[in-house]
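Asker: sequence and predicted model, in that order:
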Protein chains: 2
Amino acid sequence: MITRPKVVKANEVDILPVENARNTWIRVLISTSEAPTYAMRLFEMDIDGHIDAHSHPWEHEIFVLEGRVRIRVENDIYDLDPYTAIYIPPNKIHEYWNIGNTKAKFLCIIPVKPTLIE
Amino acid sequence: MITRPKVVKANEVDILPVENARNTWIRVLISTSEAPTYAMRLFEMDIDGHIDAHSHPWEHEIFVLEGRVRIRVENDIYDLDPYTAIYIPPNKIHEYWNIGNTKAKFLCIIPVKPTLIE
């Protein structure tokens, strides 16, 4: 865990392909090993970008920065524009598409540890 | 705590003045009572906006969306442009200024509970 301030410019962070996805990329701005409670990641989806359906025992808090993102959570579809946030609870199946005609970018915050929901 | 997805458009959320600040505003996108682990807030600073120096036993993860923000953490000054993130550890004195010639906007993520750092 880091104990000093950390400043990070997104375009200076390594960009890596997202697993189980098509033409989608991640930059880890503040990682789960650096942060005490939650990590900040920037996702970039090309025009045909897609992230396969998956679920895990932790939540997402997402904020759309650019473009237009479709997110399915279980049986519900949400089409999100910039300056829109979504909370996705733990253990819900979720899937993503870039449905715009530009690159889409969003922040996705995750907890450092799995989230126990009573 | 909410157990369903929540979608929120920033401009549809109440905008409230920030305490101990000048011409600075907050929109709570995902609150500490809604989220299990961390909350997402959007701050807006007018051209002369300022948040007084303060500290608390939890960290910040900040992402600048628009404008130019100066943040002091203890004795260090950071001037931040859009697509720049900063991690501010718990219990560090921090202070903010809008140093640009436009409104500044940034996301600030906080934990739901104070963060215990060993």
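Answerer: Okay, I see it. Nothing here was measured: the structure is a model prediction, and the numbers come from that model.
Asker: in chain A, spot the strand with the most residues.
Answerer: In chain A, assigned by DSSP state E, the strand with the most residues is strand A:38-54.
Asker: quick check: next helix or strand after that strand?
Answerer: Per DSSP states H and E, the first helix or strand lying C-terminal to strand A:38-54 is strand A:60-66.
Asker: buried stuff in that following strand?
Answerer: A:60-65 (16 or more other C-beta atoms under 10 Å in any protein chain shown). Yep, even glycine has a C-beta here, placed from its N, CA and C like the rest.
Asker: looking at these, which two lie furthest apart in space?
Answerer: A:60 and A:65 (14.9 Å; C-beta to C-beta).
Asker: can you pull out the helices in chain A?
Answerer: Secondary structure of chain A (DSSP state H): no helices located.
Asker: residue ranges in it under the pLDDT threshold?
Answerer: Applying pLDDT under 70 to chain A flags residues A:118.
Asker: ok, now with 90
Answerer: A:116-118 (pLDDT under 90).
Asker: how about the strands in it?
Answerer: Under DSSP E, chain A gives strands at A:6-9, A:16-17, A:21-30, A:38-54, A:60-66, A:69-73, A:76-80, A:84-88, A:94-98, A:104-111.
Asker: so can I have a markdown table of the ones you listed showing distance to residue B:52?
Answerer: Conversion of those to a markdown table gives the following (distance: least, C-beta to C-beta, whole Å):
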| stretch | distance to residue B:52 |
| --- | --- |
| strand A:6-9 | 21 |
| strand A:16-17 | 39 |
| strand A:21-30 | 25 |
| strand A:38-54 | 25 |
| strand A:60-66 | 26 |
| strand A:69-73 | 36 |
| strand A:76-80 | 34 |
| strand A:84-88 | 27 |
| strand A:94-98 | 39 |
| strand A:104-111 | 26 |
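Asker: can I assume residue A:61 is in contact with residue A:89?
Answerer: No - applying C-beta atoms under 8 Å, one finds residue A:61 not in contact with residue A:89, separated by 10.5 Å.
Asker: nearest to residue B:96, out of the strands of chain A?
Answerer: Of all the strands of chain A, strand A:6-9 comes closest under C-beta to C-beta, at 14.0 Å.
Asker: if you count neighbours, what's buried in the closest one?
Answerer: Buried residues in strand A:6-9, counted by 16+ other C-beta under 10 Å: A:6-8.
Asker: tell me what it is packed against?
Answerer: strand A:21-30, strand B:84-88 (3 or more C-beta pairs under 8 Å, 6 or more residues apart in numbering or on different chains; DSSP states H and E).
Asker: again, only using 6 Å
Answerer: On a contact count with 3 or more C-beta pairs under 6 Å, 6 or more residues apart in numbering or on different chains; DSSP states H and E, strand A:6-9 meets strand B:84-88.
Asker: so is the strand it packs on next to chain A?
Answerer: Yes - for strand B:84-88, a contact with chain A is found by C-beta under 6 Å from any C-beta of the partner chain, at B:84-88.
Asker: give me the sheet partners of that strand and which way each runs.
Answerer: Applying DSSP bridges, strand B:84-88 is found paired with strand A:6-9 (antiparallel), strand B:60-66 (antiparallel).
Asker: tilt between that strand and strand A:21-30?
Answerer: 40 degrees (axes from the mean of the first three to the mean of the last three C-alpha atoms, to 10 degrees).
Asker: list of residues touching strand B:84-88?
Answerer: A:5-9, A:29-30, A:40, B:60-64, B:73, B:94 (C-beta atoms under 6 Å, 6 or more residues apart in numbering or on different chains).
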